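no sequence on this one, just coordinates:
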């Protein structure tokens, strides 16, 4: 290798290092992009007497059992029936059902009724003592036995309901 080639290599390496250092410093000290993000959903209203489909209902499933991953499996099975998956976690609720409980202030809500019809087990209704942003709260216990085969995926609404339908952002 000639001395000229070595010097050129050293100069190019120093230039790359300097460029990388300056660019990295600028990225490190730049302000975060805090622009408002586009809406991720569009409100859809189901009027009283209209059909409410499972794809408009978010279900949050919490595991109160000793069976690892039960809330995740229940959510996957509900998604197979068209429901939207919400929060999946171990339960921090004081409600400890042996089978299934739904936390709600209104057991007659059509969203709650449709979710309840998914389960083989008799569903207990309790007042909410945990909060989530949106959707129906389900807690499963040790004796949970699964979803019904051919469970309904729609119900006639007895009230106006507004649901948030996910939008796909354009590229």
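Received, thanks. Note that the structure is a prediction, hence the values are computed from the model and not measured.

I'd like the average pLDDT over the strand or helix carrying residue 15.
Under the criterion of DSSP states H and E, residue 15 resides in helix 3-29. Per-residue pLDDT over helix 3-29 has a mean of 87.

any idea which helix or strand comes after it?
Per DSSP H and E, helix 3-29 leads on to strand 41-46 as the next helix or strand towards the C-terminus.

quick one: buried residues of that next one?
Buried residues in strand 41-46, counted by 16 or more other CB atoms under 10 Å: residue 46. No exception for glycine: its C-beta is placed from N, CA and C like everyone else's.

Tell me the gap between the next helix-or-strand element following that strand and the middle of its chain.
Where DSSP H and E defines the elements, the next helix or strand beyond strand 41-46 is strand 51-53. Chain-centre distance of strand 51-53: 20 Å, with CA atoms, centre = their mean, to the nearest Å.

Which strands or helices does strand 51-53 pack on?
Packing partners of strand 51-53 (3 or more CB pairs under 8 Å, 6 or more residues apart in numbering; DSSP states H and E): helix 110-116, strand 154-156.

any weak-confidence spans in this protein?
1, 33-39, 168-171 (pLDDT under 70).

Show me the residue sitting in the middle of it in space.
residue 86 (3.1 Å; CA atoms, centre = their mean).

I'd like the distance between that residue and residue 48.
With distances taken as CB to CB, to the nearest Å, residue 86 is found 25 Å from residue 48.

Give me the contacts around the helix or strand in which the residue nearest to the centre of the chain is found.
Here residue 86, judged by DSSP H and E, is contained in strand 84-90. With contact meaning CB atoms under 8 Å, 6 or more residues apart in numbering, strand 84-90 is reached by 55-64, 71-72, 75-76, 78-79, 132, 134-135, 166.
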